[in-house]
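Colleague: Give me a 3D structure for the following:
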Amino acid sequence: MPETIRLEGKSQRLSAIIKRVASARRFVVVTGAGISVSCGIPDFRSSDGIFRQIQETHGDLITSGRDLFDASVIFRSSETASIFYRWMTHLRYQCTDALPGAAHRFIRQLADRGVLLRSYTQNIDGLERKAGLAVWDPYAEKDSSGYIPWKNAQSVPLHGSMDRLVCQLCSSSFTFSEKPDEQANSAGDACPDCTARSDARAAHGRRTLPAGKLRPTVVLYEEPHPHCEDIAKIISHDSRALASRRDSKTTNVVLIFGTTLKVPGCRQLVRRLATASPENTITILVNNEPVCGKSWDGIVDYQIIGSVEDWCSRIERQWNAQTKITRWARTRKRVDSNEKENKEHDQNASFNKQLPVRPPTSKKRKACSASDSENTEVFVDVVTVGREVPDQHASKKPKPAQAYSDGFVPARRSLRIAEKRSLEDFENILASQQIQTSIQICT
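Modeller: Here you go, the predicted model:
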């Protein structure tokens with residue numbers, strides 16, 4: 001059985017999990033109807049959910065609220081189909097008035113931070129689109145502005161959406177009206193394309209054709225999923241993406257919000273994502289009630305008992321703390337670097353003051369530049385003793401072998417040669433004075 005931790009209070013184990021989740025680099029989120037309850041949309045299986053409301057209202061025709069979402073029961077008679085259309089229209093108006101909740105905004109933050117791989121939702125309310133996520137719509141035309149390729153989609157609705165209606169006969173799709181007073185298509189209406197086709201045939205004296213009824217693009221129980229192959233392709237792509245991160249320092253996180261994991265398709269999805277890379281992936285389920293038993297051992301790592309809103313707020317606070325620490329570390333590093341540069345500059349300046357004055361270290365130095373009209377450069381030769389300075393416009397520089405013969409000496413030896421020659425001149429003068437003195441004595 002997964003480790004169960006209550007969100008109330010403070011514990012070191014919970015703090016460690018929150019820190020690890022906040023520092024993760026890749027997220028996959030699986031959501032259920034529980035995240036939209038705070039937005040004013042009831043869930044399905046709770047004591048005051050949609051199933052219970054349907055059973056209390058239409059108990060004479062429907063034995064269970066689940067039957068209203070069962071394709072084998074709904075279209076068995078016109079009465080049950082009419083109840084289904086009325087409930088779908090009512091639910092559509094509730095979804096139109098609802099605003100995204102804390103969980104939807106949290107998923108949007110994951111996308112803005114660049115760590116959201118994908119969000120899979122069992123909800124049909126369309127709040128992910130209102131939160132600003134790029135939602136995959138298989139009914140959108142490729143040339144339309146609402147078309148988003150599945151590779152670029154941030155959210156994938158597993159059970160369809162209430163945003164569109166589809167004809168049960170010709171499969172044409174239309175926008176679901178958002179308000180009762182709109183002169184637009186609603187659930188249970190006749191398909192406009194089928195009606196236009198039938199009217200055109202009647203105008204030519206041909207037999208009319210039946211018109212199909214419009215129904216929301218939601219997947220019901222006991223009916224095949226019309227886009228199961230596309231969704232399977234997306235899940236396979238994301239599983240490979242999770243398995244590709246083999247670095248032990250990175251962490252993949254699979255978050256499960258507001259679902260009891262009773263739908264078989266959702267159970268398979270969670271198992272597939274959680275086992276894609278088990279050594280680098282932690283799977284966390286957040287729900288108000290425990291839902292994971294022994295069958296989820298090795299798949300779900302932690303079961304957090306508490307509200308999704310509280311969990312999201314704790315992760316956001318940890319993000320803010322990490323951001324402050326990161327900014328402080330960057331500022332401290334910048335200050336230390338500036339202090340180090342200033343210290344090195346001061347040391348170099350004091351060292352240069354202590355250096356003695358040295359003779360020139362190159363044969364020629366650039367002294368000044370001539371006027372702009374002449375655009376020539378003048379070089380000053382190293383001082384040589386008893387030699388004439390060669391012409392500065394000489395065509396060729398003397399070769400090293402001819403340097404001494406032409407009056408050039410290496411710059412590093414110029415001072416020593418000058419001192420040696422001065423000493424020789426002094427000795428010659430002294431010797432000549434001694435000779436003159438000895439001559440005078442002899443005379």
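Colleague: Just the strands from the chain, written as ranges.
Modeller: 3-6, 26-31, 116-121, 155-157, 160-167, 173-175, 214-218, 252-257, 281-287, 302-305, 364-369, 377-381 (DSSP state E).
Colleague: Among those, which comes closest to residue 194?
Modeller: Among the strands of the chain, the nearest to residue 194 by Cβ to Cβ is strand 160-167 (6.3 Å). C-beta coordinates here come from the backbone N, C-alpha and C atoms, glycine included.
Colleague: Can you tell me which of the strands of the chain is nearest to residue 188?
Modeller: Of all those, strand 214-218 comes closest under Cβ to Cβ, at 6.8 Å.
Colleague: Please name the strands paired to the closest one in the sheet, noting orientation.
Modeller: strand 160-167 (antiparallel) (DSSP bridges).
Colleague: report the angle between the axes of the partner strand and strand 116-121?
Modeller: 60 degrees (axes from the mean of the first three to the mean of the last three Cα atoms, to 10 degrees).
Colleague: still on that earlier bit, will you turn the strands of the chain into TSV that also has mean pLDDT and distance to residue 110?
Modeller: As requested, the strands of the chain are arranged in TSV below (pLDDT from 0 to 100; distance: least, Cβ to Cβ, whole Å):
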stretch	mean pLDDT	distance to residue 110
strand 3-6	91	21
strand 26-31	96	5
strand 116-121	97	4
strand 155-157	97	11
strand 160-167	92	21
strand 173-175	90	29
strand 214-218	94	26
strand 252-257	96	9
strand 281-287	94	14
strand 302-305	94	17
strand 364-369	47	62
strand 377-381	39	65
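Colleague: Could you save the ones you listed as TSV and add columns showing distance to residue 104 and mean neighbour count?
Modeller: Listed next are those as TSV, based on distance: least, Cβ to Cβ, whole Å; neighbours: other Cβ atoms under 10 Å:
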stretch	distance to residue 104	mean neighbour count
strand 3-6	24	13
strand 26-31	9	24
strand 116-121	9	24
strand 155-157	10	25
strand 160-167	15	23
strand 173-175	22	17
strand 214-218	19	22
strand 252-257	10	25
strand 281-287	14	23
strand 302-305	18	20
strand 364-369	71	10
strand 377-381	73	13
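Colleague: Any idea which of those strands gets closest to residue 225?
Modeller: Of the strands of the chain, nearest to residue 225 by Cβ to Cβ is strand 160-167, at 8.8 Å.
Colleague: Dump the C-alpha coordinates for the closest one into PDB.
Modeller: C-alpha atoms of strand 160-167 as PDB (Å, rounded to 0.1, in the frame of the first residue of the first chain):
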ATOM      1  CA  GLY A 160     -14.000  14.800 -24.700                       C
ATOM      2  CA  SER A 161     -15.200  18.300 -24.100                       C
ATOM      3  CA  MET A 162     -18.500  20.300 -23.700                       C
ATOM      4  CA  ASP A 163     -17.300  23.000 -26.000                       C
ATOM      5  CA  ARG A 164     -18.500  21.200 -29.200                       C
ATOM      6  CA  LEU A 165     -21.500  19.200 -30.500                       C
ATOM      7  CA  VAL A 166     -21.300  16.400 -33.000                       C
ATOM      8  CA  CYS A 167     -24.000  15.000 -35.200                       C
END
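Colleague: what pLDDT does residue 272 get?
Modeller: Note for residue 272: predicted pLDDT of 95.
Colleague: Lowest mean pLDDT among the helices and strands, pick that one out for this structure.
Modeller: strand 377-381 (a mean of 39; mean pLDDT, DSSP states H and E).
Colleague: May I see the strands of the chain organised as TSV, with distance to residue 336 added?
Modeller: Shown next, in TSV, are the strands of the chain (distance: least, Cβ to Cβ, whole Å):
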stretch	distance to residue 336
strand 3-6	40
strand 26-31	33
strand 116-121	35
strand 155-157	44
strand 160-167	54
strand 173-175	59
strand 214-218	59
strand 252-257	34
strand 281-287	36
strand 302-305	39
strand 364-369	39
strand 377-381	44
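Colleague: Let me know which of those strands is the nearest to residue 199.
Modeller: That would be strand 160-167 among the strands of the chain, by Cβ to Cβ, at 15.6 Å.
Colleague: can you list contacts of stretch 131-144?
Modeller: 100, 104-105, 107-108, 111, 119, 126, 128-129, 146-148, 150, 152-157, 161, 163-164, 166, 173, 217, 226-227, 230, 234 (Cβ atoms under 8 Å, 6 or more residues apart in numbering).
Colleague: and stretch 56-67, which residues are buried?
Modeller: 58, 62, 65-67 (16 or more other Cβ atoms under 10 Å).
Colleague: Can you pick out the most distant pair from the residues you listed?
Modeller: 58 and 66 (12.6 Å).
Colleague: what about the helices in the stretch 101-250 of the chain?
Modeller: For the stretch 101-250 of the chain, the helices defined by DSSP state H, counting those that start in this stretch occupy 102-112, 127-130, 192-203, 228-243.
Colleague: what about this structure, any weak spots by pLDDT?
Modeller: Residues of the chain that meet the criterion pLDDT under 70 lie in 181-183, 245-249, 324-330, 345-346, 348-424, 426-427, 429-430, 432-443.
Colleague: Kindly state the domain boundaries assigned to it.
Modeller: 1-37+102-159+227-327, 365-442 (automatic domain parsing).
Colleague: Would you mark the buried spots in stretch 170-184?
Modeller: Under 16+ other Cβ under 10 Å, the buried positions of stretch 170-184 are 173-174, 176-177.
Colleague: how about a markdown table for the residues you listed, with distance to residue 46 added?
Modeller: Output for the buried residues of stretch 170-184, formatted as a markdown table (distance: Cβ to Cβ, whole Å):
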| residue | distance to residue 46 |
| --- | --- |
| 173 | 31 |
| 174 | 32 |
| 176 | 25 |
| 177 | 28 |
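Colleague: and stretch 283-298, how far out from the chain's middle?
Modeller: 28 Å (Cα atoms, centre = their mean, to the nearest Å).
Colleague: got a list of contacts for it?
Modeller: By Cβ under 8 Å, 6+ apart, stretch 283-298 touches 1-2, 4, 7, 17, 21, 34, 253-261, 270, 273-274, 278, 299-308, 311.
Colleague: Quick check: end-to-end length of stretch 180-190?
Modeller: Terminal residues of stretch 180-190 are spaced 17 Å apart (Cα to Cα, to the nearest Å).
Colleague: Residues touching it, excluding its own?
Modeller: 81-82, 84-86, 88-89, 92-93, 165, 174-177, 192, 211-216.
Colleague: show me the contacts for the nearest residue to residue 17 once chain neighbours are set aside.
Modeller: Nearest residue to residue 17, sequence neighbours excluded (Cβ to Cβ, 6 or more residues apart in numbering): residue 302, at 6.1 Å. Contacts for residue 302 were tallied using Cβ under 8 Å, 6+ apart; they are 2-5, 17, 282-285.
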